[in-house]
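Trainee: just the structure for this:
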Amino acid sequence: MSHRRPRRAPAAARRRRLPLRYLLPSLLLVAVIAMLMLRGYVHSEILADHRIRPEAATSKVPEKILDGGPVIDTRGGQETSHRVGAHKLVLTFDDGPDPEWTPKVLDVLKEHDAHAVFFVTGTMASRYPDLVRRMVDEGHEVGLHTFNHPDLSYQSKKRIDWELSQNQLALEGAAGVRTSLFRPPYSSFADAMDNASWPVTQYIGSRGYITVVNNTDSEDWKRPGVDEIIRRATPKDGKGAIVLMHDSGGNRSQTVAALDRFLPQLQHDGYTFANLTEALGMPSAHTPVSGVELWKGKAWVYAVEASDNITGVLVVGLAVIGVLVMTRFGLMLVLSAAHARRVRRKGFAWGPPVTEPVSVLVPAFNEAKCIENTVRSLMQSEQPIEVIVIDDGSTDGTARIVESLRLPGVRVIRQHNAGKPAALNRGLANARYDLVVMMDGDTVFEPATVRELVQPFGDPQVGAVAGNAKVGNRDSLIGAWQHIEYVMGFNLDRRMYDILRCMPTIPGAVGAFRRSALERVGGMSDDTLAEDTDVTMALHRDGWRVVYAEKARAWTEAPESVQQLWSQRYRWSYGTMQAIWKHRRAVVDKGPSGRFGRVGLPLVSLFMVLAPLLAPLIDVFLLYGLVFGPTEKTVGAWFGVLAVQAVCAAYAFRLDRERMTHLISLPLQQLLYRQLMYVVLLQSWITALTGGRLRWQKLRRTGVVGADAGARMPRQRTTSVSDDQRRPVA
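Mentor: Residues are numbered from 1 along each chain as shown. I've put the predicted structure just below:
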């Protein structure tokens, strides 16, 4: 019978689409970066130029400009200037709008029926469009003062065009008008025009703008006092003037107070306060915009508002994560110390010594490279044990390897592949003893591990015990990073949770259970991808105590590639979320379940889900601060957080009697490894929110732990056995 080769699918069908769980984090990252960049731009943190050019020669400036009025018109190639007529004052306010002072200035102007000209910057107009709209609605004129307030004599024509167009865009979005008035930043009187600023004025005119300087400077920015501001702003001999004031850039209380006296005083002397074009008898400087131009402006204003709001949320998130991180570190240090003092004090015992036999369950799926080391290490156990290896449909001969060893007290149970929870339940059903230890097929126990693991069962309230899982393959950089994470992030956490009586997870690599406790909660559930977290929470809700045994050490093979690590942590994160959601009703329960729901679930959610999700903000703002400033404060804050982490890590290593040399890679772990964990958690969130399904992914093992793990293990003193006896048997 011939077999036809299937036709190849069209190229479009073969093309792989980017999964949503990858696409959404990428889009979210791009959106956050875009919002931060926009926020930095409108807050003059990006593209800001604070240089101010010193005075230059005036040889290229026409005499009629130097001796002329403060209104300079170079449109169409002309070179003319204008003055304001007698008893006419044009009040001008620079650098606004300001959310605090501009409304007060507008209130005073409205009270005294006076008009003015506000030269707004694009940054402020974009952030406070309502104030610009109020200016126009109340009859004032608005002029441009550039977007970022740079000295234009330093800028290229392209940058000048950009400053003008962005300033106009903000004005269009805020008030629906364009303006023909412009005031250069750092400008003064007409006779201060020099060879550096005059070419800029000519170019500004070629773009259709009238340049407005001043001939009466109140110097209110110096805050010389209300009387002095009024004196400097008052022209002599009834002459007209363009008066320079400020409604932004600092404390303008003196300006507002001076204005409230200045207006009625000069009105009494016969002065009028009008817009510039009214005072000069020219057409209005405002031109209404509509259609596409109007919508472009509104879109800009909305985008700026969104960036400010999102950045505000991010800042709040940064504050929240700061509090959570410091709270967690503080709790870990204090409660871990309390745990260590309690379990290490002389004469401490959980209860009567536990000497009864123990069933050790080893679920295994394709563990041919590791299973022999695992089983042989158990043969050196100081506790009487039976070993049950549950082969979960392995295709690499795992069961045959165990059977060929012909070790006493070791049984092999075969089943079709049904998953780890089913394998553990199968082993539980075949176990002979009430105390059950569970371990992974890639893990190696020390001789005292089982004995130390079951001693807490001397307390009849203890239903489960978490052991001390350690990374055996820590020679590589990624292994060293996981070693730090296990010692600090897992084991130090377990000490804390033990004291708080809300241990969230019995590690699959090394954990022990009362068989009766497991049977009461229905055994191992396959409802989640984190069956160890699920069953631990179920035990808490059933009233059992879950504790941590620091001397019950197990050496496990951690993932040795980024892809393998990603797969493992993705499953852990998603499974933890599933377990929290599954047991959510504990929050409203009574009794032990309610206590866990109102203490344990919030802590687990805050420290294991929310805090890691918000933690990237620390690095986002670090990067932002390094690029746009303030660099020194940013770097100082980041190193402060790193120092706190280093203290916690060093204390955790001291408690576990680990060599401190591994902490050399801690700074690099924070820069690289932590980012990977962020993305994994974010991907888990997106999978959960989008209703995605995640299947169990088998990790590839090398069998390195056990063959030479003894050389890696630190020597740890005990009172019952020698250090050599505590090494796993290869």
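
Trainee: count the neighbours of Thr528 for me.
Mentor: Counted with other C-beta atoms under 10 Å, residues neighbouring Thr528 total 23. Using the backbone N, CA and C atoms, a C-beta is placed for each residue, glycine as well.

Trainee: thought it was touching Asp534?
Mentor: Yes: Thr528 lies in contact with Asp534 (C-beta atoms under 8 Å); the separation is 4.7 Å.

Trainee: what is in contact with the two at once?
Mentor: 575, 578-579, 582 (C-beta atoms under 8 Å, 6 or more residues apart in numbering).

Trainee: in helices only, show me these.
Mentor: 575, 578-579, 582 (DSSP state H).

Trainee: which of the residues you listed sits closest to Glu172?
Mentor: Closest approach between those and Glu172, by C-beta to C-beta: Gln578, at 50.4 Å.

Trainee: residues touching the spatially closest residue to that closest one that is not a sequence neighbour, list them.
Mentor: Counting by C-beta to C-beta, 6 or more residues apart in numbering, Gln578 lies nearest to Thr528, which is 3.8 Å off, once chain neighbours are set aside. Thr528 is in contact with 534, 575, 578-579, 582, counting by C-beta under 8 Å, 6+ apart.

Trainee: go again using 6 Å as the cut-off
Mentor: 534, 575, 578-579 (C-beta atoms under 6 Å, 6 or more residues apart in numbering).

Trainee: take these and write them to TSV, including pLDDT.
Mentor: Putting the contacts of Thr528 into TSV (pLDDT from 0 to 100) gives the following:
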residue	pLDDT
Asp534	94
Gly575	87
Gln578	89
Ala579	92
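
Trainee: what is the nearest of those to Thr327?
Mentor: Ala579 (22.6 Å).

Trainee: for that closest one, what are its contacts?
Mentor: Taking C-beta under 6 Å, 6+ apart, one finds 528, 530, 533-534, 537 in contact with Ala579.

Trainee: look up how far Asp459 lies from Ser381.
Mentor: 22 Å (C-beta to C-beta, to the nearest Å).

Trainee: neighbour count winner among the two?
Mentor: Ranked by neighbour count (other C-beta under 10 Å), Ser381 and Asp459 place Ser381 first, with 20 against 15.

Trainee: so, low pLDDT: which residues of the protein?
Mentor: Filtered on pLDDT under 70, the chain yields the residue ranges 1-22, 24-25, 629, 688-730.

Trainee: show me which strand runs longest in it.
Mentor: Assignment by DSSP state E gives strand 545-556 as the longest strand of the chain.

Trainee: hmm, who's touching that one?
Mentor: For strand 545-556, using C-beta under 6 Å, 6+ apart, the contacting residues are 443-446, 449, 452-453, 456, 461-462, 464-470, 472, 494-495, 498, 503, 509-510, 536, 539, 705, 709, 728.

Trainee: next: stretch 35-43.
Mentor: With contacts defined as C-beta under 6 Å, 6+ apart, stretch 35-43 is touched by 46, 123, 126, 304, 307, 310-311, 624, 628.

Trainee: Asp217: which of these is nearest?
Mentor: For the contacts of stretch 35-43, the nearest to Asp217 is Thr123 (23.4 Å; C-beta to C-beta).

Trainee: let me know the closest of the shared contacts of Thr528 and Asp534 to Gly143.
Mentor: Closest approach between the shared contacts of Thr528 and Asp534 and Gly143, by C-beta to C-beta: Gln578, at 59.9 Å.

Trainee: mind checking the SS state of the residue lying farthest from the centre of the chain?
Mentor: Checked against the mean C-alpha position of the chain, the extreme residue using C-alpha atoms, centre = their mean is Asp237, at a distance of 62.3 Å. Of the three states, Asp237 takes coil under DSSP: H, G, I helix; E, B strand; the rest coil.

Trainee: now do the same for Leu671: helix, strand or coil?
Mentor: Leu671 - assigned by three-state DSSP - is helix.

Trainee: quick one: contacts of stretch 134-148?
Mentor: 44, 47-48, 115-122, 163, 166-167, 175, 179, 181-183, 185, 275-276, 285.

Trainee: kindly apply the preceding question to stretch 259-277 instead.
Mentor: In contact with stretch 259-277 (C-beta under 6 Å, 6+ apart) are residues 87-91, 108, 112, 114-115, 117, 141, 230, 284-285.

Trainee: ok, Gly467 to Leu477 distance?
Mentor: From Gly467 to Leu477 the distance is 26 Å (C-beta to C-beta).

Trainee: these two - which one has more neighbours?
Mentor: Under the criterion of other C-beta under 10 Å, the comparison of Gly467 against Leu477 puts Gly467 first, with 29 against 13.

Trainee: now do the contacts for that one.
Mentor: Contact analysis of Gly467 by C-beta under 6 Å, 6+ apart lists 453, 510, 549, 552, 554.

Trainee: now for the residue nearest in space to the middle of the chain: which residues touch it?
Mentor: For the chain, Leu617 is the residue whose C-alpha lies nearest the centre (C-alpha atoms, centre = their mean; 1.9 Å). By C-beta under 6 Å, 6+ apart, the contact list for Leu617 reads 314, 317-318, 321.

Trainee: can you verify my assumption that Gly543 contacts Pro592?
Mentor: Yes: between Gly543 and Pro592 there is a contact under C-beta atoms under 6 Å: 3.8 Å.
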